[in-house]
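S.K.: Could you look at this predicted model? Sequence included:
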Amino acid sequence: MEKYRHFDNDLPLYYNNTNYSLSLNSNEQKLLEDLILFERQAEKIFFNENFNKELLDMIDDIIDNKLEKLEPWTIYKLLNNLYKNNITKEEISPEIKIINGISCDLSKERLGITLLSYIIDKGFAKFYNKNYMTGFENSWSSNMLNFYLNGYEELNYYYMLDHIESFIGLISNDELISNNIKYDIINKLIFIYRDIGIDLQYKYISEKTGEILSKRYDGFSEICFAGIIPITRDMISINIFCNEAEEMLKVNDNIIDPSILMIGKHYLNNILSYVSDEGFKNILEMYNEIEGKTSLTNHYLAFEYIHDCITNRKKSIGKEKINELKIEVMR
């Protein structure tokens, strides 16, 4: 991903035409099919007992070489066609699927995140049109792709990486979590988030490692604004917190292995550790609505885990970073 660059090129002339289409031409369709096949092969290699890193790197190089030649608008079309079957329903984020044992197409999500990394710093928000909904937008609106600082969409992507990387560090240190579940989740997350995999290779994964490495958002914000801008992180944290809380509240109290709830607790704690006091209050307001509509019968353990996270975060109110900048949302 090319860092710290912004492109102010106008959209293609046909973008504002009411008859424009996100359909792919034959070459683009063939390219998308090829990219999916490459990712399927990468998945087989990554999860093979005889892991071959050189072969995986070769496949990733092929994918990168193809993507580097594409225009941003073409990548946007590829993303929408990759997720075209998601138009009728809102999808939870891939990491929430992974940590809750929900079926997740790892190859598809890896390709989606890779495509995103190639377009996020090229005025990606310009391609959004509020007059219609696409499968990609419907899937990622519940993840970490909502733009609150026009021209600085990278903040979304950097927070996504920071959050996942620090979360991996948290669960890797928890000896009470089943190793089978823990390593399955960590490996799947490292696979779909290529930038994290590169970041963590040859490093001992721990809470401290995650804490040290997950500073992309703060660093980018400091460079652009001479301080930390919390608005993007605050706003995109609402959906991921509430979606994970909802999944936790589906877990019955009589589960044999509580690892899934412990992992969920780490996930929620990690989100709350990043948001500002104002962001926390907004999350709490939305969560209270969910809790009010949920029957807690046979779900008290999940309820306690969630409230432990909330109680711990309340204790830190008023202790925000002194270099956080309060600015109005720029749209």
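M.R.: Sure, I can see it.
S.K.: As a check, name the ranges of all helices in the stretch 51-200 of the chain.
M.R.: Residue ranges of the helices in the stretch 51-200 of the chain, as given by DSSP state H, counting those that start in this stretch, are 53-67, 72-82, 94-99, 106-119, 135-140, 154-172, 179-192, 194-200.
S.K.: Show me what the last one packs onto, helices and strands only.
M.R.: If I follow you right, that is helix 194-200. helix 106-119, helix 154-172, helix 179-192, helix 207-213 (3 or more C-beta pairs under 8 Å, 6 or more residues apart in numbering; DSSP states H and E). (Glycine included, C-beta is placed from N, CA and C.)
S.K.: Single out the most deeply packed of those.
M.R.: Using mean count of other C-beta atoms under 10 Å, the stretch among those with the greatest mean number of neighbours is helix 154-172 (a mean of 24).
S.K.: the inter-axis angle of that one versus helix 179-192?
M.R.: On the basis of axes from the mean of the first three to the mean of the last three C-alpha atoms, to 10 degrees, helix 154-172 is oriented at 160 degrees to helix 179-192.
S.K.: Output the helices and strands packed on helix 194-200 in TSV, with mean pLDDT appended to each entry.
M.R.: Listed next are these as TSV, based on pLDDT from 0 to 100:
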stretch	mean pLDDT
helix 106-119	94
helix 154-172	91
helix 179-192	94
helix 207-213	72
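S.K.: closest to Ser276 out of the ones you listed?
M.R.: Among the helices and strands packed on helix 194-200, helix 154-172 comes nearest to Ser276, with 12.8 Å by C-beta to C-beta.
S.K.: so which of the helices and strands packed on helix 194-200 gets nearest Glu28?
M.R.: Using C-beta to C-beta, those put helix 106-119 closest to Glu28, at 12.4 Å.
S.K.: So which bits of stretch 66-86 are buried?
M.R.: Neighbour counts over stretch 66-86 (16 or more other C-beta atoms under 10 Å) mark 67, 70, 72-83, 86 as buried.
S.K.: how far does that stretch stretch from start to finish?
M.R.: Terminal residues of stretch 66-86 are spaced 25 Å apart (C-alpha to C-alpha, to the nearest Å).
S.K.: quick one, what contacts the closest residue in space to Leu24 that isn't next to it in sequence?
M.R.: Nearest non-adjacent residue to Leu24, counting by C-beta to C-beta, 6 or more residues apart in numbering: Asn81, 5.5 Å away. Neighbour list for Asn81: 22-24, 29, 32 [criterion: C-beta atoms under 8 Å, 6 or more residues apart in numbering].
S.K.: which of those count as buried?
M.R.: Here, 16+ other C-beta under 10 Å leaves 22, 24, 32 buried among the contacts of Asn81.
S.K.: By pLDDT, give me the weakest of these.
M.R.: pLDDT across the buried ones among the contacts of Asn81 is lowest for Leu22, at 83.
S.K.: Can you give me the distance of that residue to Lys89?
M.R.: As judged by C-beta to C-beta, to the nearest Å, Leu22 and Lys89 stand 19 Å apart.
S.K.: May I see the buried residues of stretch 305-316?
M.R.: Neighbour-count burial for stretch 305-316, counted by 16+ other C-beta under 10 Å, picks out 305-306, 309-310, 313.
S.K.: Out of those, the closest to Arg194 would be?
M.R.: Checking the buried residues of stretch 305-316 against Arg194 with C-beta to C-beta, the nearest one is Cys309 at 29.1 Å.
S.K.: Just the CA atoms of whichever helix or strand that closest one is part of, as PDB, please.
M.R.: Using DSSP states H and E, Cys309 sits within helix 300-314. Provided in PDB are the C-alpha atoms of helix 300-314 (Å, rounded to 0.1, in the frame of the first residue of the first chain):
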ATOM      1  CA  TYR A 300     -26.000 -14.400  32.000                       C
ATOM      2  CA  LEU A 301     -22.300 -15.400  31.600                       C
ATOM      3  CA  ALA A 302     -22.100 -13.400  28.300                       C
ATOM      4  CA  PHE A 303     -23.900 -10.500  30.000                       C
ATOM      5  CA  GLU A 304     -21.300 -10.500  32.800                       C
ATOM      6  CA  TYR A 305     -18.400 -10.600  30.400                       C
ATOM      7  CA  ILE A 306     -19.700  -7.700  28.400                       C
ATOM      8  CA  HIS A 307     -20.400  -5.700  31.500                       C
ATOM      9  CA  ASP A 308     -17.000  -6.300  32.900                       C
ATOM     10  CA  CYS A 309     -15.600  -4.700  29.700                       C
ATOM     11  CA  ILE A 310     -18.000  -1.700  30.100                       C
ATOM     12  CA  THR A 311     -17.200  -1.300  33.900                       C
ATOM     13  CA  ASN A 312     -13.400  -1.400  33.300                       C
ATOM     14  CA  ARG A 313     -13.800   1.300  30.600                       C
ATOM     15  CA  LYS A 314     -15.900   3.500  32.800                       C
END
